Structures are given as structure tokens and as C-alpha cells.
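Student: this one's sequence-less:
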């Protein structure tokens, strides 16, 4: 019992300074690596930071402001370039589709798979014809329209796309059914 008490006293004494020092070393190393990345290759660092905080809009806003302050442009979501997470394009950051409300991993994976297999989308109707309406529902499409994910490839404005959403999705669903039936 006496030996156990001595051992406990030694551990308690060590815990007063040893634990803190070991953590201080680890934090110092991480701070150094982060500083080097921020100075020499900031876009991938900020894209990674944004990707870790996709559900925290306060942190996303803070990281976006920090990135802009050092000259990194934050590009809006784009169905032909965005991934689920934030990604780097020409030393700028493309907004990740996973950070858009009502757009989940399933629809994003379907969009990326179709884009990689058959090339970029030429417009909203092309998108709706090619991406399964089962994986990308109206709520998801509405969210993508509202954030401007179709702005680069579509000549119609967002209001027109929203107005014609029902018509286009009905048409695309029928076309997909016909394709499946041969």
C-alpha cells in the first residue's frame, strides 16, 4: 500500500508539469507546420480548414474572410468543378457542394460520377437528363440553383430555372425512364 501511495505521488507530481510540456511541444509543432503552409501554400490549407468545418457557418465565414484577406478568391459552387469538399482551382478555392444546405453526399457523388464519366454539363436540362432524379431530387436541385451552381453553364437566370424546375424535372424523369426501358 505504501509503495502504491509513493507511485501515485510521483505520478501526480509529474502530471503537474510533464503533461503540459508534452502537449505544448505537440501544439508548437502543429503551429509551425500551419504557419509554413499558410505562407507557402495557403489555398490548400484553407480548403482543408473549410472542409473540416462544413457544418459550422461561423467558422466557415471566419476562414473565408481570412483567405480573402491574403488574396485567395472563394469561387461559388459550380456543378462542373465543385467536389463534396472545398477544392483548389488555380490557387483559388471552389466552394464545396457538401456545404450547401439540402445537398448531401449521395447527390454530390452522383453528380461527380456522371461528370467524370460523360464530361461537363452544358446546362440545366442536360444536367437533369444525365443525373438520376432518384439521387438528385427537387429540393437538392432548388438548393443548387439558389446558390448559383448552374450560373457558369446556363444562360437562364436563377429565377427562370426555379420557375421551370417542375417542368424540367418531369421531362428529365420521363426521359430517364425511357432510356432505362430501352
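Tutor: That came through, no problem. All values derive from a computational prediction rather than experimental measurement.
Student: quick check, residue 172 in contact with residue 129.
Tutor: Yes - between residue 172 and residue 129 there is a contact at 5.1 Å, judged by Cβ atoms under 8 Å. All C-beta atoms are positioned from the backbone trio N, CA, C, and that covers glycine.
Student: more neighbours, the two?
Tutor: residue 172 (22 against 17; other Cβ atoms under 10 Å).
Student: now do the same contact list for the more buried one.
Tutor: Applying Cβ atoms under 8 Å, 6 or more residues apart in numbering to residue 172 gives the contacts 125, 128, 129, 133.
Student: and residue 128, by the same measure?
Tutor: 141, 168, 169, 171, 172.
Student: out of those, which are buried?
Tutor: 141, 168, 169, 172 (16 or more other Cβ atoms under 10 Å).
Student: the third one reaches residue 138, doesn't it?
Tutor: Think residue 169. Yes - here residue 169 reaches residue 138: they are 5.8 Å apart, a contact under Cβ under 8 Å.
Student: pull the most distant pair out of the contacts of residue 128.
Tutor: Maximum pairwise distance among those (Cβ to Cβ): 12.9 Å, between 141 and 171.
Student: could I get the full set of strands for this protein?
Tutor: 74-75, 87-89, 92-94 (DSSP state E).
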